[in-house]
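Engineer: Take this sequence and fold it.
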Amino acid sequence: MNILIANDDGVFAPGIQALAQALKPLGRVVIVAPESERSGFSSALTLDRPLRPIEVSPDIWAVNGTPADCVYLAMNGLFNFEFDLVVSGINSGANLGDDVLYSGTVGAAFEGRLMRQAAIAVSLAGSNVRSYNSPKDYAVAAKWVHDFIAKGIPILPERHILNINIPDVAQLKGAQVTYQGRRIQSKPITSQVDPRGRQVYWIGLAGEAVTDPKKNELNIQSDFFAVANGFVSITPIHMDATNYSILNHLQQQFLQT
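Structural biologist: Predicted coordinates:
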């Protein structure tokens, strides 16, 4: 099996290195990742300048572009062979609920959505006690990903990916299939004046997660709730954002006008 690994933390980030090491027993592993951090780029592609892939060591490529650029290049001519699976991560920090709209980790996985197997985005939520993940944390998380893939990835419809979030590995209880949760409204922007007297703004922090035990109609918990309670969340998400449940109602409204 040929496995393509990308991320949004950069080609030398500890999460991607741990993941590559853990997946090597499953086949050929090739890293194609941004040369530096590109968090928050979602599925953006670079269209205003050329991209420059550089092989920094065998099967490890750095690209002066976005996470989605990396997967696009790897799947469309950078190599003379095809990949069987795309794994994006391991991201430093969770990508839960509304985060998937902005996440470069999820964006890279979505670029691989037409693979033979479902593409996977993997994030490590980490400990609430400290603000960083240690190499050991990433190694444990990467081993979980290896075992998950080795057992056989669940079959999904076309254009779907799996968004996987791993909680604090010291308290890992198991895994749950989850639905995409939501956050409360984002924090306000912060306004400052720079040393030259110009007004500048910082984007506000993400809103608080909704972690109440509310289940959906299928009796399934949210990704936020699962991770907050020590479970890996496995959420199937897809590109089609159409709200089919209101299509007929909306159509009827237009017919009446």
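
Engineer: chain center to the strand or helix carrying residue 91, what's the gap?
Structural biologist: According to DSSP states H and E, residue 91 maps onto strand 85-92. Centre-to-centre, strand 85-92 and its host chain are 6 Å apart (C-alpha atoms, centre = their mean, to the nearest Å).

Engineer: Report the angle between the following helix or strand past it and strand 85-92.
Structural biologist: Next helix or strand after strand 85-92 toward the C-terminus (DSSP H and E): helix 104-111. Interaxial angle of helix 104-111 relative to strand 85-92 (axes from the mean of the first three to the mean of the last three C-alpha atoms, to 10 degrees): 170 degrees.

Engineer: and helix 104-111, what's its mean pLDDT?
Structural biologist: Taken as a whole, helix 104-111 has an average pLDDT of 96.

Engineer: remind me which residues of the stretch 151-257 of the chain are low pLDDT?
Structural biologist: In the predicted model of the stretch 151-257 of the chain, residues 184-186, 204-217, 257 satisfy pLDDT under 70.

Engineer: returning to that earlier point: which strands and helices lie in contact with the strand holding residue 91?
Structural biologist: strand 2-6, helix 14-23, helix 67-75, helix 104-111, strand 119-126, helix 135-150 (3 or more C-beta pairs under 8 Å, 6 or more residues apart in numbering; DSSP states H and E). Just so you know, the C-beta spots here come from the backbone N, C-alpha and C atoms, and that holds for glycine as well.

Engineer: let's see it at 6 Å
Structural biologist: strand 2-6, helix 14-23, helix 104-111, strand 119-126 (3 or more C-beta pairs under 6 Å, 6 or more residues apart in numbering; DSSP states H and E).

Engineer: out of the ones you listed, deepest packed?
Structural biologist: Of those, the one with the most neighbours on average (mean count of other C-beta atoms under 10 Å) is helix 104-111, at a mean of 30.

Engineer: so that helix versus strand 2-6, what angle?
Structural biologist: Between helix 104-111 and strand 2-6, the angle comes out at 140 degrees (the same axes, to 10 degrees).

Engineer: Return helix 104-111 as CSV; C-alpha atoms alone will do.
Structural biologist: Extracted in CSV, the C-alpha atoms of helix 104-111 (Å, rounded to 0.1, in the frame of the first residue of the first chain):
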residue,chain,number,x,y,z
GLY,A,104,-5.8,22.8,6.9
THR,A,105,-5.5,19.3,8.3
VAL,A,106,-9.1,18.6,7.2
GLY,A,107,-8.5,20.5,4.0
ALA,A,108,-5.6,18.2,3.0
ALA,A,109,-7.7,15.1,3.7
PHE,A,110,-10.6,16.5,1.6
GLU,A,111,-8.2,16.9,-1.3
